[in-house]
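Undergrad: sequence first, predicted coordinates after that:
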Amino acid sequence: MRSIVSKNDDFYSLCDRRPCYVWYTAPARLSCDSPRCRLQLEHMADQKKEELQKKLRRLGVVRGTGQLKPARKLKPAPTVDEELLRPFTPSTSPNLSDDDDIQPLETLLPGGEIVSTADGDCFVLDHVYTLDHQHGDDRLADLLDFSPAAAAPFLQDERLAQHDFRDFLFLDTETTGLAGAGTLAFMVGVGFFEPGSQGEDRFVVRQYFLRDHGDEPALLLLLDELLAEKTGFVTFNGRSFDIPLLEGRFIMNRMPTELRDRPHLDLLHPARRLWRHRLGSCALSSLEGSLLGLRRSQDDVPGWLIPSLYNQYLRSGDARELVRVFYHNQIDMVSMVTLAARVTRQLSRPDPADHPIDLFSLGKWQADLGLSTEAEQNLRLAAQGDLPLELYHANLHRLGLLLKRDGRYPEALPIWQQIAATSLDDVAAHVEIAKYYEWQTQELEQARFWTEQALSLVASWGRRGQHHPVRAELEHRLNRLQQKLNS
DNA sequence: GTCCATAGTCGTCGGATGAG
DNA sequence: CTCATCCGACGACTATGGAC
């Protein structure tokens, strides 16, 4: 088993730009500004850093390759993993280097079983949720009030309108790294609705797991069987990550696939468009806290730690730490269900009581798609709410543009005037008003007035306004208006 | 009818951002 | 040498309307 593991695994490498350590399971290409690096630094006390530096020197890892000492053999597995795990592990955490107490998977996850296929065996664990299961602020049943059809016009995929969420497979993989040809999905979690014994629906999370790399053909075979029963996917960033990765694995195992061609609701992009303005980060773990009302328990593990836990398991055969990975994957899957409900609800039945920032985000998306009626409604609702000034102006700009494109100039005018009245530096609204008077009503005096107003705004910027391109543009406009007025 | 300036639209590019 | 998507910026192209 050791031969599978590259000698770069569990590698500590020096970050290029600052004297901090980046811990990573592939050749590190991370900068100090990466979130992982910052997080790592947060959790690493100075004392620990020094200890690690000493250890790294002993291991022959130093900055630059010029002065490399021959590295000592890494046998037995160094305890450095432990050091890094400590901030995230309860103090009762088992000692990984204790070879006497290795616990195999089947003992730790009693519900799991080894399933045999024509291509070998694979560990499979099912977890069944009733639909009244509470997850954060929501219940799983909430999703079935909605349809993927709600997302069809927004994602511009009509196939989403033809199926129920019961026809979709929720999917989330845990892998040996972020990307690259050598990355494996050592766990594939799928979730689906199915009728229970009494006819009522339930939600099944099924996790396929590679006890070692040789199990992969069996995993793919079992996954393929399940895929045949379903038509589409719900994922979080699966379009960029999980699906291309799995497709690569199918190809490597000489199995035909059509994963990319399926209807696919990737929740990341709708979530970003709907909530980025209000919530900032739209990582699934952030959305759980800020949107779904969920706090992960102590049993969870941060995503970036997962590849090394798997490597640790491959080396030692001890699956104790992997229990947390199974848990993590399960929660991801269930979060996708309630997140899908939130997304489809927001797209199909926005509530006037929703946060005005969310109504703005939705209205803007609808406006971009040409859904003018709905867009106007939501942008006007948002404008009545309590928006931060910057978004308030962005909201009014989008509304003004919508009305202008619709030829409704007289209705757009008061919108632009509202921006001009409430902003100290919004030249764009002034220019729109000037255009309106010049080209729509030929009130050249008014047009000149608003152009001059805009110019005085730019002048108030001081040195920055002096050479700003908008100034030249405004002066050009003013000259033209002056000529028209003179003739 | 032609010419010109202006405004609006469309395609493209680079930077961010998620996924483990 | 991940990769799909979004977004803002920017240049090229097209449509429009006024002047002659």
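TA: Noted; the coordinates are in hand.
Undergrad: how about the residues of the stretch 251-400 of chain A that lie near DNA strand B?
TA: Contact residues, the stretch 251-400 of chain A versus DNA strand B (CB under 7 Å from any atom of the strand): A:268, A:272, A:276, A:281-285, A:303-304, A:306-307, A:332. All C-beta spots, glycine's among them, are computed from the backbone N, C-alpha and C.
Undergrad: can you name the two of the residues you listed that sit furthest apart?
TA: Spatial extent of those (CB to CB) is set by the pair A:R276 and A:P307 at 27.7 Å.
Undergrad: sketch out the low-pLDDT regions of chain A for me.
TA: For chain A, residues meeting the criterion pLDDT under 70 lie at A:1-100.
Undergrad: reformat the residues of the stretch 251-400 of chain A next to DNA strand B as TSV; add neighbour count, secondary structure and distance to A:S147.
TA: TSV is the format used below for these (neighbours: other CB atoms under 10 Å; DSSP: H, G, I helix; E, B strand; the rest coil; distance: CB to CB, whole Å):
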residue	neighbour count	secondary structure	distance to A:S147
A:L268	19	helix	20
A:R272	15	helix	22
A:R276	13	helix	24
A:S281	14	coil	28
A:C282	21	coil	23
A:A283	15	coil	26
A:L284	20	helix	22
A:S285	17	helix	27
A:G303	17	helix	30
A:W304	15	helix	35
A:I306	23	helix	33
A:P307	23	helix	36
A:D332	24	helix	23
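Undergrad: get me the contact residues on the stretch 51-200 of chain A for DNA strand C.
TA: A:155, A:178-180.
Undergrad: quick one, what contacts the nearest residue to A:L184 once chain neighbours are set aside?
TA: Once flanking residues are discounted, A:L184 sits nearest to A:T176: 4.8 Å by CB to CB, 6 or more residues apart in numbering. By CB atoms under 8 Å, 6 or more residues apart in numbering, the contact list for A:T176 reads A:25, A:182-184, A:186, A:307, A:310-311.
Undergrad: which of the residues you listed lies closest to DNA strand C?
TA: Nearest to DNA strand C out of those is A:T183 (CB to the nearest atom of the strand; 8.2 Å).
Undergrad: so that closest one touches A:L245, yeah?
TA: Yes. Assessed by CB atoms under 8 Å, A:T183 is found in contact with A:L245 at 6.3 Å.
Undergrad: okay, and the common contacts of the two?
TA: A:T175.
Undergrad: what residues does the stretch 51-200 of chain A have near DNA strand B?
TA: A:172-175, A:177-179.
Undergrad: among those, name the buried ones.
TA: A:172-175, A:177 (16 or more other CB atoms under 10 Å).
Undergrad: got a markdown table for the residues you listed, with distance to A:E113 too?
TA: Formatted as a markdown table, these follow (distance: CB to CB, whole Å):
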| residue | distance to A:E113 |
| --- | --- |
| A:D172 | 21 |
| A:T173 | 20 |
| A:E174 | 19 |
| A:T175 | 23 |
| A:G177 | 28 |
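Undergrad: re earlier: scan the contacts of A:T176 and report the most crowded one.
TA: Counting neighbours by other CB atoms under 10 Å, the top entry in those is A:F186, with 26 neighbours.
Undergrad: isn't there a helix covering it?
TA: No. Secondary structure of A:F186 (DSSP: H, G, I helix; E, B strand; the rest coil): strand, not part of a helix.
Undergrad: need the contact list for it.
TA: Counting by CB under 8 Å, 6+ apart, A:F186 has contacts A:174-176, A:209-210, A:310.
Undergrad: for these, which one is nearest A:G317?
TA: Distance to A:G317, by CB to CB, is smallest for A:Y310 among the contacts of A:F186, at 12.1 Å.
Undergrad: what's the closest non-adjacent residue to the closest one?
TA: Counting by CB to CB, 6+ apart, A:Y310 lies nearest to A:F186, which is 5.3 Å off, once chain neighbours are set aside.
Undergrad: swap in A:D266?
TA: Among residues not flanking A:D266 along the chain, A:R239 sits closest, at 4.2 Å (CB to CB, 6+ apart).
Undergrad: distance of that neighbour from A:V188?
TA: Applying CB to CB, to the nearest Å, the value for A:R239 to A:V188 is 16 Å.
Undergrad: who's more crowded, those two?
TA: A count of neighbours by other CB under 10 Å puts A:V188 above the other of A:R239 and A:V188, at 26 against 16.
Undergrad: ok, now which ones touch the more buried one?
TA: By CB under 8 Å, 6+ apart, the contact set of A:V188 is A:171, A:173, A:207-208, A:219, A:223, A:246.
Undergrad: will you turn these into CSV that also has secondary structure?
TA: Below are the contacts of A:V188 laid out as CSV (three-state DSSP):
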residue, secondary structure
A:L171, strand
A:T173, strand
A:Q207, strand
A:Y208, strand
A:L219, helix
A:L223, helix
A:L246, helix
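Undergrad: so who does A:I306 touch?
TA: Applying CB under 8 Å, 6+ apart, we find A:I306 in contact with A:174-175, A:325, A:328.
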